[in-house]
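1. sharing a sequence plus its predicted fold:
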Amino acid sequence: MLHTAPLRAGRPLATELSTTTPATELPSESELVAASTIAEETGELVKGAFAPTFETFRSLAAVAVCSALCTAIAVLLAGLEGAVAGGFKLIYAGAIAGIISRTCCAPLEMVSTVMMCRGDECKSMWSELAVAYRSAGVGGLFKGNGANCLKVAPSRGTQFLVYEFMKRQMSARGIGMAALGMPLNAGARLFAGGIAGMVAAVIVYPLEVVKTLRTVYPDQCKGIKDAAAMAFKFGGISGLYAGVMPTLVAMFPYVGVEFMVYETLKRRWELLIGGVAGTGALLLLGAIAGAAAQACAHPLDVVRRRMQMQGMQGNFASSGAAKVPPRYSNLFSGLYRITKDEGFHVLFKGLGPACFEKVPSTAIGYYIYEAMKTFMRVASV
């Protein structure tokens, strides 16, 4: 039931209502315009957040086409026999494994590269990830991955090819074996892996420089072509090979330790269980190998990446980019200057995200490599 207050005697109804009912204040014209603008912007944001873009569909289509093409090539190679075909199979298996593994862990590798090049300017791994995401969205987390894939495909393919070649040559000559016909020892695998890493580094080094520039200076290098042009403009041919000597020195223990740890542990495990290593074992062994390789070569990796930046130092500094490291004349000078000027701890800056990226990346890479070898019927020494 609706209850109303009684009317006072002698007062008109209109007067009574006007005195007992407060007037409602209407919003001003400026407030209406502001509210309308906010509503429109909010609607656009919501629409843009949930509406699929043409770029998304194009990326998914490209992934589907590439996957089908890669599968077709693997099927074609599986039916070929001979030494030359075996070499192509190793290169292809390593390339596919490298692309997939690095792409899965691209955000972590991006953060690791930035932290190694900028030292104490970077606060933490999570803060750098947040900065990259705020500045460029999801694409910012994968900046430099295109150049990285162009680099890692021939690099990993070459590494596996040269590694298997070196093992076969040493086995044929009885080098690094307890007795003729026995498996290679750990030292022989370390040497074979080190040589493989150095050969691959020389072949793909310009792409390594491009990838580093693209990652550290995304505002100046919008793409792979821009980064390559910038490196060549400010450093010439030598700019594309800046830091190559510390790279060669770092690649020997880095790749050598990775191959040695993985294959030695894998062989021991298979002898222990009396069978072939399963998926979980392959992932775990690859993760251990990746962590060991990254930890032993990280200081050299820091110097290597900083030397890649030297040719562009003055140009990027004058354009308002972030501070870049000072010039180092060689590997030992870099190690000494960084330790003296910034502290010993800076030589291990980025080790956390590097291992955080390297562990799953190496695990995924070796698992895919083993699967590709099995599918294409390739045997290892």
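-> Arrived safely.

2. what about the helices in the stretch 51-200 of the chain?
-> 54-78, 83-104, 106-118, 125-136, 138-141, 145-173, 186-216 (DSSP state H, counting those that start in this stretch).

3. so can I have CSV of these showing mean pLDDT and mean neighbour count?
-> The C-beta positions use only the backbone N, C-alpha and C, and glycine is treated the same way. Shown next, in CSV, are the helices of the stretch 51-200 of the chain (pLDDT from 0 to 100; neighbours: other CB atoms under 10 Å):
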stretch, mean pLDDT, mean neighbour count
helix 54-78, 80, 11
helix 83-104, 90, 20
helix 106-118, 72, 24
helix 125-136, 72, 15
helix 138-141, 69, 14
helix 145-173, 88, 21
helix 186-216, 85, 23
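
4. which one, of the ones you listed, ends up nearest to E342?
-> Set against E342 and scored by CB to CB, these come closest in helix 106-118, at 10.8 Å.

5. residue contacts, the nearest residue to E208 once chain neighbours are set aside?
-> Spatial nearest neighbour of E208, excluding adjacent residues (CB to CB, 6 or more residues apart in numbering): K151 at 5.6 Å. Counting by CB atoms under 8 Å, 6 or more residues apart in numbering, K151 makes contact with 204, 207-208, 210-211.

6. also M260?
-> M260 touches 186, 189-190, 193, counting by CB under 8 Å, 6+ apart.

7. closest to A130 among those?
-> G193 (36.6 Å).

8. how many neighbours does the nearest residue to that closest one once chain neighbours are set aside have?
-> Nearest residue to G193, sequence neighbours excluded (CB to CB, 6+ apart): F259, at 3.1 Å. As a burial measure, F259 scores 26 neighbours (other CB atoms under 10 Å).

9. three-state assignment of F259?
-> helix (DSSP: H, G, I helix; E, B strand; the rest coil).

10. if I look at it, how far off is L285?
-> F259 sits 12 Å away from L285, taking CB to CB, to the nearest Å as the criterion.

11. just to revisit the earlier point, for S361, find the nearest of the helices of the stretch 51-200 of the chain.
-> That would be, of those and by CB to CB, helix 83-104, which comes in at 4.6 Å.

12. show residues contacting stretch 97-114.
-> 122, 125, 128-129, 132, 141-145, 148-149, 152-153, 155-157, 211-212, 215-216, 305, 350, 353-354, 356-358, 360-366, 368-369, 372.

13. state the distance from P107 to F142.
-> 7 Å.

14. scratch that, L161 is what I was asking about
-> Look at L161 and F142: by CB to CB, they are 28 Å apart.

15. likewise for K211?
-> Taken as CB to CB, the span from K211 to F142 is 12 Å.

16. what do you get for A64?
-> For A64 relative to F142 (CB to CB), the value is 18 Å.

17. over to Y336?
-> With CB to CB as the criterion, Y336 and F142 are 35 Å apart.
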